[in-house]
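Asker: Fold the following.
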Amino acid sequence: MNNPSVFEGFNWRGARAAVAAAALLASLVGAQAAGTLRVAMTASDIPLPNGQTDQGAEGMRFMGYTVFEALVAYDLSSADKPTSLVPGLATEWKAEADKLRWTFKLRPGVKFHDGSAFNAEAVVWNLDKILNAKAEQFDAKQAAQGRGRIPTVASYKAVNDLTVEITTSEVNALLPFQMAWIVMSSPAQWLAAGKSWDAFLKAPSGTGPFKLESYVPRERAVLARNAAYWDKARVPKLDKLVLLPVPDASARVAALRSGQVDWIEAPPPDAIDSIKAAGFAITSNVYPHVWPWHFSRLEGSPWNDVRVRKAANLAIDREGMKQLLGGMMVPAKGMVPPNSPWFGKPAFEVKYDVAAAKALMAQAGYSKDRPLKVKSIISPSGSGQMQPQLMNELIQQNLAEIGIQVEFDVRDWNALLANWRAGAKDPGTKGATTTNSSYFSQDPFTALIRHVDSGLMPPKGTNWGYYSDPEMDKLFDGVRTEFDTKAQLALIQKAHEKYVNDALFLFVAHDVAPRAMSRKVKGFVQPQNWFLDFSSISMD
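Answerer: The predicted structure follows:
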């Protein structure tokens, strides 16, 4: 299983590296104050506190939705039911008769952290910062994070102080889901920072339940309670929330055990039992998330052969991987779990069947003696990446058994994401024909459409592999234009069935988001969602 050579320069398991990382962390954390929660993230850097933050969905989880907020939010209050959209900075929204114009009614009385008013002009200003390259507040970094989330937004205007009208380029019934990704930064604070986004990072301002007190890249961010938060029921119980980037899993465990942090993301599977035995709590929950390999479909890609794609899907020992991860995963049979209403009834079953995989490879002209050689872009850690080194090593071993030799191109999480947005045609892909990025799958657009819609090839979107199929595009057009929920569901199911029947991805795992934390952490609810509500948490 172990193959250190493919991870040269990224040997996070090394004891010396772990000890050094833990020692550095200790020097950064310092003593804990009452009412302070210290979190060790998997990211290698602090998410940018500019609004439309980086570091993937982990950045949105810890910075995007704590300091900043969107017009549309998720109900994160329950662990027992799937989450749904709820009013955020907008109290209501609706599509007008032509289905192209949407009206958003804004919440009155909301203030940014700097005391300036949140209103319709602020919404327009924030949309300009990611969509209008001629606007003085346009920020290429935030545009890279947010533009692909709202690809059909064509224009927008303030109707009055508390009403915004957004017009889409085509009928898009999924717009509310997409607007949940777009968070609001303070125009007044940007002006006060000299119209500089770099200066804004030093004193950012949003509307969220926490204010940013201090920010040191690659070291820490300290968030403080926003006592004047507009939703009095969600004013944080914590005094402070401290974010620490700790990509090394062993260092995260060491920091928890030594009391340097109170909470760690993604504890390594082989440490879970001992963490429990030491008196720490382990939390997990199923949520919309898939961990796949995304195939290139450019001319010459070996993954253009459906036999090879299906063979790869039949070669993966997902139950063995589950054991390897201490039970902390759900084997994937598609982009969404089989219990999802979107799953449908695909004819191809994703399972572990080595004999069938070898037969398909033989039909395609490959075997262990005449192997197919591929390169895959992977990361050593990152938002939602689970345990990528361990998981990819097992995949490498499994695929070798059927005649697919895998070479890894290991990149920092943000570098991997940059290539994912640039697409498989980008020179930086360097011959790789797959990329391994975990995907948030909480709405039809993020779960299915954005990955394979032919209209969303880079730079317009994140169809990394340049997949194009008129049949799939027709299904997606139906999903976007159908406002009847039952009819829309049937189209979503057909699209997912095509994903599975054509083996469009290498479907590997669904995460259950394991976390380890001190027993001092009280009031935490782990919803069936990638995101979390920190407002209910207190420290005993």
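Asker: What ranges does the stretch 401-540 of the chain have for its strands?
Answerer: Assigned by DSSP state E, counting those that start in this stretch, the stretch 401-540 of the chain shows strands spanning 404-410, 434-435, 439-440, 505-510, 515-517, 521-522, 538-539.
Asker: mind listing what the third one pairs with, with the direction of each?
Answerer: Strands that pair with strand 439-440, judged by DSSP bridges, come out as strand 289-295 (antiparallel).
Asker: Likewise for the longest one?
Answerer: Taking DSSP bridges as the criterion, strand 404-410 pairs within the sheet with strand 372-378 (parallel).
Asker: hmm, back to that, and the strands of the stretch 401-540 of the chain, which one's lowest on average pLDDT?
Answerer: In terms of average pLDDT, strand 439-440 trails the rest of those, at a mean of 88.
Asker: Which strand residues bridge the nearest residue in space to residue 280 that is not next to it in sequence?
Answerer: Distance criterion C-beta to C-beta, 6 or more residues apart in numbering; nearest residue to residue 280, sequence neighbours excluded, is residue 516 at 5.2 Å. All C-beta spots, glycine's among them, are computed from the backbone N, C-alpha and C. For residue 516, the beta-bridge partners are residue 264, residue 282 (DSSP bridges).
Asker: Checking the residue nearest the centre of the chain next. Helix, strand or coil?
Answerer: Centrality entry for the chain: nearest residue to the mean C-alpha point is residue 57, 3.3 Å, by C-alpha atoms, centre = their mean. Of the three states, residue 57 takes helix under DSSP: H, G, I helix; E, B strand; the rest coil.
Asker: what sits against it?
Answerer: Residue 57 makes contact with 383-384, 440, 530-531 under the criterion C-beta atoms under 8 Å, 6 or more residues apart in numbering.
Asker: Can you read off the pLDDT for it?
Answerer: Note on residue 57: pLDDT of 85.
Asker: how much space between it and residue 383?
Answerer: 5 Å (C-beta to C-beta, to the nearest Å).
Asker: still on that earlier bit, nearest to residue 53 among the contacts of residue 57?
Answerer: residue 383 (10.8 Å; C-beta to C-beta).
Asker: how close does the closest one get to residue 55?
Answerer: Distance, residue 383 to residue 55, using C-beta to C-beta: 6 Å.
Asker: any common contacting residues for these two?
Answerer: Common neighbours of residue 383 and residue 55 (C-beta under 8 Å, 6+ apart) are 43, 413.
Asker: dump the residue contacts of residue 435.
Answerer: Taking C-beta under 8 Å, 6+ apart as the contact definition, residue 435 lies against 293-294, 376-378, 416, 419-420, 424, 464.
Asker: Leaving out sequence neighbours, find the closest residue to it.
Answerer: Nearest one to residue 435, counting by C-beta to C-beta, 6+ apart, is residue 377 at 4.3 Å.
Asker: Equivalent analysis for residue 172, please.
Answerer: Spatially, and ignoring its direct neighbours in sequence, residue 172 is nearest to residue 152 (4.5 Å; C-beta to C-beta, 6+ apart).
Asker: if I look at the one you found, how far off is residue 95?
Answerer: Using C-beta to C-beta, residue 152 is found at 12 Å from residue 95.
Asker: Equivalent analysis for residue 55, please.
Answerer: Separation of residue 55 from residue 95 (C-beta to C-beta): 33 Å.
Asker: Compare neighbour counts for those two and give me the winner.
Answerer: Set side by side, residue 55 and residue 95 show more neighbours around residue 55, with 26 against 18, by other C-beta atoms under 10 Å.
Asker: For stretch 69-81, list the C-alpha coordinates in CSV.
Answerer: Taking C-alpha atoms only, stretch 69-81 is exported to CSV below (Å, rounded to 0.1, in the frame of the first residue of the first chain):
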residue,chain,number,x,y,z
GLU,A,69,-23.4,36.1,4.8
ALA,A,70,-25.5,35.5,1.7
LEU,A,71,-29.0,36.5,0.7
VAL,A,72,-30.1,32.8,1.0
ALA,A,73,-29.0,30.6,3.8
TYR,A,74,-29.2,26.9,5.0
ASP,A,75,-31.1,25.7,8.1
LEU,A,76,-28.2,24.2,10.1
SER,A,77,-30.1,23.7,13.3
SER,A,78,-30.9,19.9,13.1
ALA,A,79,-28.7,16.8,12.8
ASP,A,80,-31.7,14.5,12.0
LYS,A,81,-33.1,15.9,8.7
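Asker: chain center to that stretch, what's the gap?
Answerer: What separates the centre of stretch 69-81 from the centre of its chain is 16 Å, taken as C-alpha atoms, centre = their mean, to the nearest Å.
Asker: does residue 45 sit in a helix, a strand or a coil?
Answerer: coil.
Asker: ok, the residue of the chain most remote from its centre - contacts?
Answerer: The C-alpha centroid of the chain is most remote from residue 369, which lies 38.6 Å away (C-alpha atoms, centre = their mean). Residues in contact with residue 369 (C-beta under 8 Å, 6+ apart) are residue 403.
Asker: if I look at it, how far off is residue 363?
Answerer: Counting by C-beta to C-beta, the separation of residue 369 from residue 363 is 16 Å.
Asker: cool, and residue 281?
Answerer: 50 Å.
Asker: quick one, which of these two is more surrounded?
Answerer: With neighbours defined as other C-beta under 10 Å, residue 281 and residue 363 compare such that residue 281 has more, 15 against 12.
Asker: What's the local residue count around the residue nearest to that one when sequence neighbours are not counted?
Answerer: Using C-beta to C-beta, 6+ apart and skipping residues adjacent in sequence, the residue nearest residue 281 is residue 517, 5.3 Å away. Residues contacting residue 517 under the criterion other C-beta under 10 Å number 22.
Asker: need the contact list for residue 517.
Answerer: So residue 517 contacts 256, 262-264, 280-281, 283, 524 (C-beta under 8 Å, 6+ apart).
Asker: Now with 10 Å, please.
Answerer: 37, 39, 256, 261-265, 267, 275, 280-283, 524, 537 (C-beta atoms under 10 Å, 6 or more residues apart in numbering).
Asker: Please apply the same query to residue 63.
Answerer: 41, 43, 46-51, 53-55, 183, 204, 206, 208, 210, 212, 215, 221, 223, 243.
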